[in-house]
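Enquirer: got a predicted structure plus its sequence, pasted below:
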Amino acid sequence: MKLNYQALIFNMSSKNLDNLNFTEEQKFTQWWLWVLLIGITLIPVYGCYKQLVLGEPMGSKPLPNIGMVLFLLFMLGFLFLFWMLRLKTVIDNEGIKMTFSPLSKKEIKWEEIKTAEVLNYGFVGGWGVRMGTKFGTVYNTRGNMGLALVLKNGKKFCIGTQQPEELSAVLNEVKESGII
């Protein structure tokens, strides 16, 4: 009978982490972002009112009515997308689960992780999903602190956090148990 020592060590270590629990949910709450998004959305609202209700063209080269309505629907959809975006991180004895709803979802088992650290990733070109950074893909809603992960298969990504101290404490608990 052949034993899988890595799985045995992982199973023994994970018993020490039965109470491991970290959950963080973030969304876009920056007031200036919402003022900007709503302000831009008000342009096609005004355009539709002016062209469809008042019968007056908006501007010297107005969009056709259908174009104005489609632009309004696009902007309302964009506004709704930002309202729906949520970055949720859950860490438990099984691993790390990250959902950037409705765009992305990842589930990483502890045995897949080579390194994990909470760090200041600096400015990565904005917020949302940022690809091609030195940390791999960065998922964030604001700030510059995150959980940088390097997987054993070489993939890298970083999950933004507004709770770096709590996340560091949980990560230290995992490292002290010998899982990573």
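Expert: That came through fine. Numbering: from 1, shown residues only.

Enquirer: against residue 76, how distant is residue 53?
Expert: Distance of residue 53 to residue 76, computed by CB to CB, to the nearest Å: 17 Å. All C-beta atoms are positioned from the backbone trio N, CA, C, and that covers glycine.

Enquirer: between the two, which is the more surrounded one?
Expert: Neighbours were counted for residue 53 and for residue 76 using other CB atoms under 10 Å; residue 76 has more, 13 against 8.

Enquirer: what sits closest to that one if chain neighbours are left out?
Expert: Distances taken as CB to CB, 6 or more residues apart in numbering place residue 41 nearest to residue 76, at 6.5 Å, with adjacent residues excluded.

Enquirer: how distant is the strand or helix carrying the one you found from the center of its chain?
Expert: Element membership for residue 41, per DSSP states H and E: helix 31-48. Put simply, helix 31-48 sits 24 Å off its chain's centre (CA atoms, centre = their mean, to the nearest Å).

Enquirer: quick one: distance of the next helix or strand after it to the chain centre.
Expert: Where DSSP H and E defines the elements, the next helix or strand beyond helix 31-48 is helix 65-84. On the basis of CA atoms, centre = their mean, helix 65-84 sits 22 Å off its chain's mean C-alpha point.

Enquirer: got the contact list for helix 65-84?
Expert: Helix 65-84 is contacted by residues 28, 33, 37-38, 40-41, 43-45, 47-48, 51-52, 58, 62-63, 101-102 when judged by CB atoms under 8 Å, 6 or more residues apart in numbering.

Enquirer: how is this structure partitioned into domains?
Expert: Annotated domains of the chain cover 31-84, 86-176 [automatic domain parsing].

Enquirer: so which of these is nearest residue 20?
Expert: When these are compared by CB to CB, domain 86-176 sits nearest residue 20, at 4.9 Å.

Enquirer: start and end of the closest one, how far apart?
Expert: One end of domain 86-176 to the other measures 31 Å (CA to CA, to the nearest Å).

Enquirer: what does stretch 102-114 give?
Expert: 27 Å.

Enquirer: averaged pLDDT, it. What do you get?
Expert: Mean pLDDT, computed over stretch 102-114, is 94.

Enquirer: also stretch 40-59?
Expert: Mean predicted lDDT for stretch 40-59 stands at 94.
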